[in-house]
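Engineer: quick one: sequence plus predicted model below, questions after.
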Amino acid sequence: MRPLISFAIDLTPSARSALRWELAGVGIGVVLLSIGIAGLALFLFRRQSRDFALVYFSSFSLLYAVRLLLREGIVRSVFPADRSTLDHFTLALDCFIVIPFTLFLIQIVEPQWRKALRWILAAQIIFGVMRFLSLLIHLGKKFMGLANNVFVIAVCALLAVYYIAVRRAKSQSREITVVFAGLAIFALFAIENNLAYLKVLPQHDDVEPIGFFIFVCCLGYVTARRALAKEERLLAINKELQIANQIQSSILPREVPQLAGLEIVARYLPMSAVAGDFYDFLVVDEKRIGILVADVTGHGVPAALIASMLKVAFAGQTAHADDPVRVLTGLNRALCGKFEEHFVTAAYVFVDLDKFLLRYAAAGHPPLLIVSRGTAKAPASDSREVEANGLMLGLFPEATYSSVEIPIDAGARILLYTDGIVESMNAAREEFGKSRLKKFLASSSSSASQLADALLLELRRWSTGERERGQDDDITLLVLDFIPAP
């Protein structure tokens, strides 16, 4: 039988110590690399956040991890590149590795200190470029290496001065305290390493990665704490928006009034959770009704609050619901002086089914559209505009309004709407426009409900086209069909 041959490598104590340090460096490098990749992935999946501290922390960790791994012989043996190329790449990383950390500090310090840190950042970029150029042209590399050691020690000293000043002012946050605790530990390792390089202290194995790992743990704690705090704030805001949406939904009519001889269909499509469009009814009796459509400038919570004010003001106009001029005048006086940066456009229609006529007045609102449907399909020329506009509501206390009286034929169709319909844009930034709306209205012979749904579908097709786009504005649509007597 052939004897088994065993091989053993007898390492000296110094060689074993060097191997242990190298394996420890690889382990720390892998952990830091994983932390950096995980941080960047988390930021990409949570793009709503505008806090870039996570990006800078992850970039800093990644750059340090790659530099650390490329310095280890075990890792270098895996790559086919020669030693000189890897040395150059490692030194290039070394030129700019501190920049993400300074950017991270800018994100978390008090505003009065950010200017000083930006000056430090500019000095780091300039010094990094100069050091990188010296690497490329092989000129002054030894001097730039020496300058880098001095620069690192000087920056650590400046940050120490900053921290002492913050502590004396008693304005430091928990985040600053944790970051500078970790920085102090890392700075001790870094300063000792740089002093050893300058031969001020005796040289030994590089233990700086241990200090950096402790430092990264501190940075990770701060980054995670900021991310969780921001997430809690976003959840609180979303909850408040849900409540605001429920409140706003409650101010809109739960159902449209039912009158013999008149079919009313309403569609309300807000741009966001809360919106500034509004519609409501003043029912006088079974034959007479007032209808208001309004649009508050802007979007979101401010516009929704003004719409709520409009609801209350409109409810107080019941006594003169048959007079559009008095209704708009009352609304304008109720809203004036309540807000500065917003105004309201509105259209009010009073319908009298006994006399088959309308009284109409508006305040800076898109015109009323009327279609006379004598046959199954009316031509586009039978769609006409009615405009009786005064000044917008909420701006001028003494604004005056006028109204028009319009006789209505049995079978006529009325369209009240907000400008979100005519100003809806396609991918080429072209508006839907009144002409397309009039043509669509006049060419439809379907019921009021079918017309409203078909128009919204047409607007969705127009605005999205080949790619998904968000809604440009709030949309409110009311279709009134006058039904002939049997």
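Structural biologist: Ah, there it is.

Engineer: where in the stretch 51-200 of the chain is pLDDT low?
Structural biologist: Under the criterion of pLDDT under 70, the regions of the stretch 51-200 of the chain flagged as low confidence span 51, 80-81, 140-142, 145-146, 148-149, 151-153, 155-173, 176, 187, 190-200.

Engineer: that one: helices as residue ranges?
Structural biologist: If you assign secondary structure with DSSP state H, counting those that start in this stretch, the helices in the stretch 51-200 of the chain sit at 53-70, 73-76, 83-96, 99-108, 111-137, 141-169, 174-197.

Engineer: out of those, nearest to Arg267?
Structural biologist: With C-beta to C-beta as the criterion, Arg267 lies closest to helix 53-70 of those, at 42.1 Å. Any C-beta I mention is one placed from the backbone N, CA and C, and that applies to glycine too.

Engineer: tell me the angle that closest one makes with helix 99-108.
Structural biologist: For helix 53-70 and helix 99-108, the angle between their directions (axes from the mean of the first three to the mean of the last three C-alpha atoms, to 10 degrees) works out to 160 degrees.

Engineer: are there helices or strands packed against helix 53-70, and which ones?
Structural biologist: For helix 53-70, the helices and strands in contact under the criterion 3 or more C-beta pairs under 8 Å, 6 or more residues apart in numbering; DSSP states H and E are helix 13-45, helix 83-96, helix 99-108, helix 208-251.

Engineer: let's see it at 10 Å
Structural biologist: When contacts are defined as 3 or more C-beta pairs under 10 Å, 6 or more residues apart in numbering; DSSP states H and E, helix 53-70 packs onto helix 13-45, helix 73-76, helix 83-96, helix 99-108, helix 208-251.

Engineer: just name the most buried of these.
Structural biologist: By mean neighbour count, with neighbours taken as mean count of other C-beta atoms under 10 Å, helix 99-108 ranks first of the helices and strands packed on helix 53-70 at a mean of 21.

Engineer: in stretch 383-396, what's buried?
Structural biologist: Of the residues in stretch 383-396, those buried under the neighbour-count criterion (16 or more other C-beta atoms under 10 Å) are 383, 386, 388-395.

Engineer: just the CA trace of it, in PDB.
Structural biologist: Extracted in PDB, the C-alpha atoms of stretch 383-396 (Å, rounded to 0.1, in the frame of the first residue of the first chain):
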ATOM      1  CA  SER A 383     -72.400  72.800 -28.000                       C
ATOM      2  CA  ARG A 384     -72.100  76.400 -26.700                       C
ATOM      3  CA  GLU A 385     -70.500  78.300 -23.900                       C
ATOM      4  CA  VAL A 386     -72.100  80.500 -21.400                       C
ATOM      5  CA  GLU A 387     -69.900  82.900 -19.500                       C
ATOM      6  CA  ALA A 388     -70.800  85.500 -16.900                       C
ATOM      7  CA  ASN A 389     -67.600  86.000 -14.900                       C
ATOM      8  CA  GLY A 390     -66.700  88.400 -12.200                       C
ATOM      9  CA  LEU A 391     -63.600  88.600 -10.000                       C
ATOM     10  CA  MET A 392     -62.300  85.500  -8.100                       C
ATOM     11  CA  LEU A 393     -63.600  85.000  -4.600                       C
ATOM     12  CA  GLY A 394     -61.600  86.000  -1.600                       C
ATOM     13  CA  LEU A 395     -59.500  88.800  -3.000                       C
ATOM     14  CA  PHE A 396     -61.600  92.000  -3.300                       C
END
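
Engineer: now that stretch, how far from the centre of its chain.
Structural biologist: From the chain centre to the centre of stretch 383-396 is a distance of 34 Å (C-alpha atoms, centre = their mean, to the nearest Å).

Engineer: stretch 89-106 too?
Structural biologist: The gap between where stretch 89-106 is centred and where its chain is centred comes out at 29 Å by C-alpha atoms, centre = their mean.

Engineer: now do the same end-to-end measure for that stretch.
Structural biologist: Stretch 89-106 has its terminal residues 27 Å apart, counting by C-alpha to C-alpha, to the nearest Å.

Engineer: just stretch 440-449 next, same as before
Structural biologist: Taking C-alpha to C-alpha, the span from the opening residue of stretch 440-449 to its closing residue is 14 Å.

Engineer: Lys338 and Ala347, how far apart?
Structural biologist: Spatial separation of Lys338 from Ala347 under the definition C-beta to C-beta, to the nearest Å is 21 Å.

Engineer: neighbour-wise, which of the two wins?
Structural biologist: Ala347 (29 against 12; other C-beta atoms under 10 Å).

Engineer: for the more buried one, give me its contacts.
Structural biologist: Applying C-beta atoms under 10 Å, 6 or more residues apart in numbering, we find Ala347 in contact with 279, 291-295, 324, 328, 360-368, 386-389, 416-418, 478.

Engineer: and if we set it to 6 Å?
Structural biologist: Listed by C-beta atoms under 6 Å, 6 or more residues apart in numbering, the contact partners of Ala347 are 293, 362, 365, 416.

Engineer: A strand includes it, no?
Structural biologist: Yes - under DSSP: H, G, I helix; E, B strand; the rest coil, Ala347 sits within a strand.

Engineer: and it, bridged to which residues?
Structural biologist: Bridge pairing for Ala347 (DSSP bridges) gives the partners Val293, Ala362.

Engineer: now do it against Asp94, distance only.
Structural biologist: Using C-beta to C-beta, we find Ala347 at a distance of 68 Å from Asp94.

Engineer: nearest to Val312, of the helices of the stretch 51-200 of the chain?
Structural biologist: Comparison of the helices of the stretch 51-200 of the chain against Val312 by C-beta to C-beta identifies helix 111-137 as nearest, at 41.2 Å.

Engineer: before we move on, back to that, okay, the helices and strands packed on helix 53-70 in CSV with distance to Ala53 next?
Structural biologist: What follows is the helices and strands packed on helix 53-70, written out as CSV (distance: least, C-beta to C-beta, whole Å):
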stretch, distance to Ala53
helix 13-45, 9
helix 73-76, 29
helix 83-96, 19
helix 99-108, 4
helix 208-251, 6
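
Engineer: wait, which of these is closest to Phe143?
Structural biologist: Closest to Phe143 of these, according to C-beta to C-beta: helix 83-96, at 14.0 Å.

Engineer: tell me the contacts of Leu105?
Structural biologist: Taking C-beta under 6 Å, 6+ apart as the criterion, Leu105 is in contact with Leu117.

Engineer: checking the nearest residue to Thr318 once chain neighbours are set aside next. Helix, strand or coil?
Structural biologist: Counting by C-beta to C-beta, 6 or more residues apart in numbering, the nearest residue to Thr318 once its immediate chain neighbours are dropped is Leu282, at 5.5 Å. Under the three-state scheme (three-state DSSP), Leu282 adopts strand.

Engineer: is Leu282 in contact with Ala321, as I believe?
Structural biologist: Yes - using C-beta atoms under 6 Å, Leu282 and Ala321 qualify as a contacting pair, with a distance of 4.2 Å.

Engineer: who touches both of the two?
Structural biologist: Shared contacts of Leu282 and Ala321, counting by C-beta under 6 Å, 6+ apart, come down to Gly290.

Engineer: coming back round to it: which one, of the helices and strands packed on helix 53-70, ends up nearest to Leu117?
Structural biologist: For these, proximity to Leu117 was assessed by C-beta to C-beta; helix 99-108 is nearest, at 5.0 Å.
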